[in-house]
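> Predicted model, plus sequence, below.
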Amino acid sequence: MENHVLVNAMGEACPMPVVKATQALREMTEAGVLEVLVDNEIAVQNLTRMGAGKGYAVQAEKQGDAKYSVRILVNTPPTEAAPAPEPACVPDARGDMVVAVGSSTMGQGNDELGATLMKGFLFAVSQLPKLPKTILFYNGGAKLTTEGSASLEDLKKLEAQGVEILTCGTCLNYYGLTEKLAVGGVTNMYAIVEKLAAASHVIRP
């Protein structure tokens, strides 16, 4: 059975979630999963940095309006892993950038290649040191936030770290996908225009 250690840091302010997670990692005697429950995006960002700093894979998931699960995959005994950085409170990693996605493919030409490029693009966005504030999906882009999308894991990771994921409701309805939205919320054209107008800069793949 997989070694699973659960740390409940709900209601804890920085740096306590990282402190508790670091202590739990030190006490783990074998490989497994350390799961930390927190109630804010900043804690998710700091725990993600801490886990990555030790060389571990990290999975973040938003489970409710104020509940997040951060799973640190400890695939080697902690004593053999790289030393962890000292717990620190890092400012919000989100900037004022907005990403506007209007298609399920990237560029023009071959749709299969375009779909592969779009998946790579969204993954790359999730790896940015300064995450976007919002990602907007409209027209064919609405398909990327629904069941069966190859980018759901990356989008859920972004949402867990506080990135706002919004999909055009009219577009979901047009494609018959309203009931299949799998990440983020539904928005309208007025809100889309407001988000774009307020952005420091906009990226369109």
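Yep, it's here.
> contacting residues around the longest helix along the chain?
If you go by DSSP state H, the chain has its longest helix at helix 111-126. With CB atoms under 8 Å, 6 or more residues apart in numbering as the test, helix 111-126 has contacts from 99, 101, 103-108, 131-132, 135, 144, 150-151, 154-155, 157-158, 205. All C-beta spots, glycine's among them, are computed from the backbone N, C-alpha and C.
> same thing but at 10 Å, please
97, 99, 101, 103-110, 131-132, 135, 140-141, 143-144, 149-158, 161, 163, 203, 205 (CB atoms under 10 Å, 6 or more residues apart in numbering).
> Report how many residues lie close to the spatially closest residue to residue 204 that is not a sequence neighbour.
Sequence neighbours aside, residue 100 is the residue nearest to residue 204 in space, at 4.9 Å (criterion: CB to CB, 6 or more residues apart in numbering). Around residue 100 there are 19 other residues, counting by other CB atoms under 10 Å.
> Same check on residue 51?
Neighbours of residue 51 (other CB under 10 Å): 26.
> List the buried residues for stretch 16-28?
By neighbour count on 16 or more other CB atoms under 10 Å, the buried set for stretch 16-28 is 17-18, 20-22, 24-25, 28.
> now it, how far from the chain's geometric center?
Put simply, stretch 16-28 sits 22 Å off its chain's centre (CA atoms, centre = their mean, to the nearest Å).
> what does stretch 34-54 give?
Worked out by CA atoms, centre = their mean, stretch 34-54 lies 11 Å from the chain centre.
> try stretch 152-163
Distance, stretch centre to chain centre, for stretch 152-163: 2 Å (CA atoms, centre = their mean).
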